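> Mind folding the following:
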Amino acid sequence: MQTNRSLTIALLRARECLMADFRPLLASHGFTEQQWRVLRILIEAEAIDATSLAEYSCILAPSLTRIIKNLESRGLLQRGVSKDDARKLVLTPTDLAIEVSNKVNPETAKVFQKIEDRFGSQKTEILLDMLQELCKSNKPKRK
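Numbering: from 1, shown residues only. Purely as a prediction, here's the structure:
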């Protein structure tokens, strides 16, 4: 099969292999993988506008809108207005979000460690570097 050597399909398959270890863990805490991705980025950023959050989380705006509503209804994020531009929505994590993250992160770290143990830390670092390089080299140049 030619798809065995397709980069795009190989990346999708690799993602699915990795997420198979994470989905049950996240579900046990009441999160989908997309919700958790948004929450992690939100906590890391401390405050972020919705457009940037969509870009960093690789989630389309309509889906992100639903996720934001869900996380807000659960008390995990707050909406605000940018100090620089009142038209911009700024999202911040709540104390509850940080508390939940502190509970879930050690469990996800164990899954990452198992993956790294299987694959090797050197290969993991090389793969991460290569994927970052691939993304940088594939970004369209802005005029």
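> Contacts for stretch 111-129, please.
Identification of contacts with stretch 111-129 by CB atoms under 8 Å, 6 or more residues apart in numbering yields Leu18, Asp21, Phe22, Leu25. Backbone N, C-alpha and C define where each C-beta goes, glycine included.
> Please list only the buried members of the residues you listed.
When burial is judged by neighbour count using 16 or more other CB atoms under 10 Å, the buried members of the contacts of stretch 111-129 are Phe22, Leu25.
> Can you tell me the closest non-neighbouring residue to the residue nearest the centre of the chain?
Nearest to the geometric centre of the chain sits Arg37, at 2.9 Å (CA atoms, centre = their mean). Distance criterion CB to CB, 6 or more residues apart in numbering; nearest residue to Arg37, sequence neighbours excluded, is Ser57 at 5.0 Å.
> so who does the one you found touch?
By CB under 8 Å, 6+ apart, the neighbours of Ser57 are Gln34, Arg37, Val38, Ile41, Leu64.
> close enough to count as contact, Pro93 and Arg40?
No - in terms of CB atoms under 8 Å, Pro93 does not count as a neighbour of Arg40; the distance is 9.7 Å.
> so what sits against both of these two?
Contact criterion CB under 8 Å, 6+ apart; residues shared by Pro93 and Arg40: Ser101.
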